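Visitor: predicted model and sequence below, questions to follow.
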Amino acid sequence: MITNEFNAPDTDRSTPSAAPAPALGDVIDAVDDAAATFKAVVRNEADSLLHDFRSLIREQPITSIAVAGALAYLIGRVGR
């Protein structure tokens, strides 16, 4: 007499199964939407920082020139 030692467990068909996995196209669309949102946020932040930087230069032009000259000198010294 042959017995099957690996019987399949009894499954309860009354419980709902988990939602099916999303299709690859849906995942790609979600990632694309997230990337577009991230790009817009980064662009807005960069524009804001650039505006702040420009207004600071307009308010203090001599200090800005001095800082730029000091940075250029340091970069020139490091580059040797």
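Guide: Now that the structure is in, tell me what you want to look at.
Visitor: is the most centrally placed residue in the chain within a helix or a strand, and which one?
Guide: Residue closest to the mean C-alpha point of the chain, counted by C-alpha atoms, centre = their mean, is F38 at 5.9 Å. F38 belongs to helix 24-59 when assigned by DSSP states H and E.
Visitor: after that helix comes which helix or strand?
Guide: Next element after helix 24-59 (DSSP H and E): helix 61-78.
Visitor: pLDDT averaged over that next one - what is it?
Guide: Across helix 61-78, pLDDT averages out at 95.
Visitor: contact partners of it?
Guide: 56-57 (C-beta atoms under 8 Å, 6 or more residues apart in numbering). In this view, the C-beta of every residue, glycine as well, is placed from N, C-alpha and C.
Visitor: got the angle between that helix and helix 24-59?
Guide: Helix 61-78 runs at 110 degrees relative to helix 24-59, counting by axes from the mean of the first three to the mean of the last three C-alpha atoms, to 10 degrees.
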